[in-house]
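A.B. asks: Curious how this folds, go ahead:
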Amino acid sequence: MKKHLLYLATVLIFLASCSKKDDPAPMPVDSYVSDKSFKVVAYMPGYRDPALIPDAKYKMITHLFFAFLNINPTADGSVVSLTATEQSRFNVLKSKAAQNNVKFGISVMGAESIFATVAGNSATRAKFVADLVSFVKANDLAGLDMDWEYPRTTSTTDVNPNANYTLLMKELSAELHKANKFLSAAITPGVYASSNRHAIAPEVYQYVDFFNIMQYDGSGYDTSEPLNHASYKMTEASLNFWLGTKGMPKEKAILGMPIYGKSATGSSITYAAIIAASKANADVNVATVSGVAYGYNGMPTIKQKAQLAKDKCNGIMFWEFGQDTNDETSLIKAANDQLGRTY
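C.D. replies: Here you go, the predicted structure:
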């Protein structure tokens, strides 16, 4: 009997050994996988009161960025702490996002010259990355958005990318992805000849999960709509540049839309204020409020752009959450309806 038991044990050990050799090596449990789903992104600045946003509105977005965490003007690579008011509003938005299954992140901003200085030095760049990742982890955020406006080349005709921007995004991506956090970037529409048009190298695409293309503030671009700072024609040209000329992957392109108007002199007004003057303004792209004419995107244009994003991109983005109306004239609602999203 003992011999039979010994023989049986030997066979079982042998079979177990073979099984282990045949099984593939398990994947690391912490390996990062980028989210490829269609996104509806909104920014909310720290100066805007979250009380403006009804709970139902959070159902209409997938990602929300608090704007902004600022880079320290001393250029030492540190970031400036949120003020007490900003921290309070940050906490409210974070809680609301969690309750509505919205991915909540922080958007990082500062003077272009400070970004350039910090990114151009390995020590300050490393500190900047460490401070940002620490903030994201400490606040249990889903990710971070880099709003460097803008990385530049040496001249308007230089097509060589900004190497320091590439290094910053590479190093930041590595640390964020290691912590299972995403990285996005707010970028130029790229429709004008300038020193920022070619600053982002295609190499950067692999490091960044998605790009929020700021396709607004382009008054005069479309001569048929000179007051519209975010015409459909400008948006098409921007996508042709990034997806065509620059080869950005479709799944990483997010089409940006404004929820505000601009006058010929550059003054701004919220879409909510435009509609407060007259609900009929929701169906057009130019309206006069208190004697001043403003160009903006009404509901038909927003729906047209949402369809363009559905066909050619992987998401839409709004600047900004608190400028919208909260009724049937809402631009965020109009975009969701065009996309066929449930909320």
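A.B. asks: Now Y260: phi and psi?
C.D. replies: Backbone geometry at Y260, expressed as degrees, to the nearest 10, gives phi -160, psi 160.
A.B. asks: now do D145
C.D. replies: Torsion angles, degrees, to the nearest 10, at D145: phi -120, psi 130.
A.B. asks: Could you report the distance from the residue lying closest to it once chain neighbours are set aside to Y221?
C.D. replies: Excluding the flanking residues, the one nearest D145 by C-beta to C-beta, 6 or more residues apart in numbering is S107, at 4.1 Å. Backbone N, C-alpha and C define where each C-beta goes, glycine included. Note on S107: its distance to Y221, by C-beta to C-beta, to the nearest Å, is 25 Å.
A.B. asks: Check S263 too.
C.D. replies: 16 Å.
A.B. asks: any idea how far the residue most central in space within the chain lies from M257?
C.D. replies: Geometric centre of the chain, nearest residue: N212, 4.3 Å, by C-alpha atoms, centre = their mean. Between N212 and M257 the computed distance is 11 Å (C-beta to C-beta).
A.B. asks: joint contacts of those two?
C.D. replies: Counting by C-beta atoms under 8 Å, 6 or more residues apart in numbering, the shared contacts of N212 and M257 are M317.
A.B. asks: which residue packs closest to V133, ignoring adjacent ones?
C.D. replies: V133's closest residue in space is E175 (C-beta to C-beta, 6+ apart), at 4.6 Å.
A.B. asks: Can you say which helix or strand has the one you found in it?
C.D. replies: E175 is part of helix 163-178 when elements are defined by DSSP states H and E.
A.B. asks: Strand partners (parallel or antiparallel) of the helix or strand following that helix?
C.D. replies: Going down the chain from helix 163-178, the next helix or strand is strand 182-187, by DSSP H and E. Sheet pairing for strand 182-187, assigned by DSSP bridges, gives strand 143-146 (parallel), strand 210-213 (parallel).
A.B. asks: Tell me if I'm right that T166 and P202 touch.
C.D. replies: No: applying C-beta atoms under 8 Å as the test, T166 and P202 come out as separate, 9.9 Å apart.
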